[in-house]
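Novice: Need a 3D model of the following:
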Amino acid sequence: MQKFLTIFTPTYNRAYILPKLYNSLKDQINKNFVWLIVDDGSSDETKTLVQEFQNENYIEIQYIFQENKGKHFAVNKGLRNTRTEFFCVIDSDDYLAENAVEQMEILSGKIENDNQIAGFTFIRFSEKTNFDSGKYGKKEWIVSGRAEYDWEFSGEMIYCYKTAIHQQFCFPEFEGEKFCPESLVYRRIERKYKILFTDKVLAYGDYLEDGLMSNYYQLLLKNPKSSLLNIKERFQDRLSKEEKLNLAKTYWDIASKTNRPFLEKFFGISPFLILKVLINKHKKQ
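Specialist: The predicted structure follows:
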């Protein structure tokens, strides 16, 4: 029977922690999913470990190896190899609540026939977060554009998209760059489609020292084409004057430190904002 969902995991040298995610997938009440793993050039025991998972035959697992290119290349490859109706990225350092797939199938049924809705969300909390589960899992709201959401603990929205829509919005691939902000693609989707947001807590995990987010600003500097493109597209959103100026500061800083061409530095975004940034810098000197 055709599964409705692909749980996609890009991974790089995470053999030491992958069993935690695997065990949470084995324990799912609803096993109507495929676990697709794209190994981004791991040099550890990831391949052997995944083969062991496959041999256990508890869940359907697909494994693809690629040379090390970065998470966004891995996501693009995952999208090209997905045949299910829905696609959800669950990172290798996260794991799912045992009712996650069950809830995801219920949510998918609410939107599958609405061509204006691209997908749905749920919350990922730190596994250290001590929250009252009775307060969560009751809210659903449909949003067009970037959503504002608030809860008493810091958390992250995980998106589950209709595969056919996400495949139209792959990550830009710049040669030599191994990082692209996920928000760039999410914003592109949300400018065209609505999203069903929920406060269901279905995933857990914490950023690890070897993770992408351990030094975010250095990532931006190492991957300037993706970083600057993301900032440029942020200006399509509704922003306050202060937000625009702060983005312009970041844009100028990255463009200058990575020796981008003169025209890109001054005219990539509003030259008036760039001039304002330079004037403010001069005043502080």
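
Novice: Only C-alpha atoms from now on, for both contacts and neighbour counts.
Specialist: OK.

Novice: for the strand or helix carrying residue 9, packing partners?
Specialist: When elements are assigned from DSSP states H and E, residue 9 belongs to strand 5-11. Contact partners of strand 5-11 among helices and strands, from 3 or more CA pairs under 8 Å, 6 or more residues apart in numbering; DSSP states H and E: strand 33-40, helix 71-80, strand 86-89.

Novice: Recalculate using a threshold of 6 Å.
Specialist: Here strand 5-11 touches strand 33-40, strand 86-89, going by 3 or more CA pairs under 6 Å, 6 or more residues apart in numbering; DSSP states H and E.

Novice: Next secondary structure element downstream of the first one?
Specialist: If you walk from strand 33-40 toward the C-terminus, the next helix or strand you reach (DSSP H and E) is helix 46-56.

Novice: what does that following helix contact?
Specialist: residue 15 (CA atoms under 6 Å, 6 or more residues apart in numbering).

Novice: Strand 33-40 and that one, what's the angle between them?
Specialist: 160 degrees (axes from the mean of the first three to the mean of the last three CA atoms, to 10 degrees).

Novice: thinking again about what came up before, just give the strands next to the strand holding residue 9 in its sheet, each with its orientation.
Specialist: strand 33-40 (parallel), strand 86-89 (parallel) (DSSP bridges).

Novice: Turn the helices and strands packed on strand 5-11 into JSON lines, including mean neighbour count.
Specialist: Shown next, in JSON lines, are those (neighbours: other CA atoms under 10 Å):
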{"stretch": "strand 33-40", "mean neighbour count": "22"}
{"stretch": "strand 86-89", "mean neighbour count": "23"}
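
Novice: For these, give me CSV that also has distance to residue 156 and mean pLDDT.
Specialist: Output for those, formatted as CSV (distance: least, CA to CA, whole Å; pLDDT from 0 to 100):
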stretch, distance to residue 156, mean pLDDT
strand 33-40, 21, 98
strand 86-89, 13, 98
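
Novice: Dump the ones you listed into CSV; add distance to residue 110 as well.
Specialist: Shown next, in CSV, are the helices and strands packed on strand 5-11 (distance: least, CA to CA, whole Å):
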stretch, distance to residue 110
strand 33-40, 18
strand 86-89, 13
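
Novice: quick one: secondary structure of residue 104?
Specialist: Here residue 104 is recorded as helix under DSSP: H, G, I helix; E, B strand; the rest coil.

Novice: which regions of the chain sit below the pLDDT cut-off?
Specialist: 1, 146-148, 208-214, 284-285 (pLDDT under 70).

Novice: follow-up on the earlier one: which other helices and strands contact whatever helix or strand comes next after the strand holding residue 9?
Specialist: Where DSSP H and E defines the elements, the next helix or strand beyond strand 5-11 is helix 18-26. Using 3+ CA pairs under 6 Å, 6+ apart, the elements in contact with helix 18-26 are strand 94-96.

Novice: longest helix anywhere in this protein?
Specialist: Longest helix in the chain by number of residues (criterion: DSSP state H): helix 241-257.

Novice: Buried residues of the helix or strand following that helix, list them for me.
Specialist: Moving toward the C-terminus from helix 241-257, the next helix or strand (DSSP H and E) is helix 262-267. Using 16 or more other CA atoms under 10 Å as the test for burial, helix 262-267 gives 265-266.

Novice: helices and strands around helix 262-267, which ones?
Specialist: Partner elements for helix 262-267 (3+ CA pairs under 6 Å, 6+ apart): none found.

Novice: now do 8 Å
Specialist: By 3+ CA pairs under 8 Å, 6+ apart, helix 262-267 packs against helix 241-257.

Novice: Show me what the helix it packs on is in contact with.
Specialist: With contacts defined as CA atoms under 8 Å, 6 or more residues apart in numbering, helix 241-257 is touched by 220-221, 224, 228, 231, 235, 264-265, 269, 273-274, 277.

Novice: change it to 6 Å
Specialist: With CA under 6 Å, 6+ apart, helix 241-257 has contacts from 221, 265.

Novice: can you check stretch 161-175 too?
Specialist: Stretch 161-175 has contacts (CA under 6 Å, 6+ apart) with 76, 85-87, 118-119.
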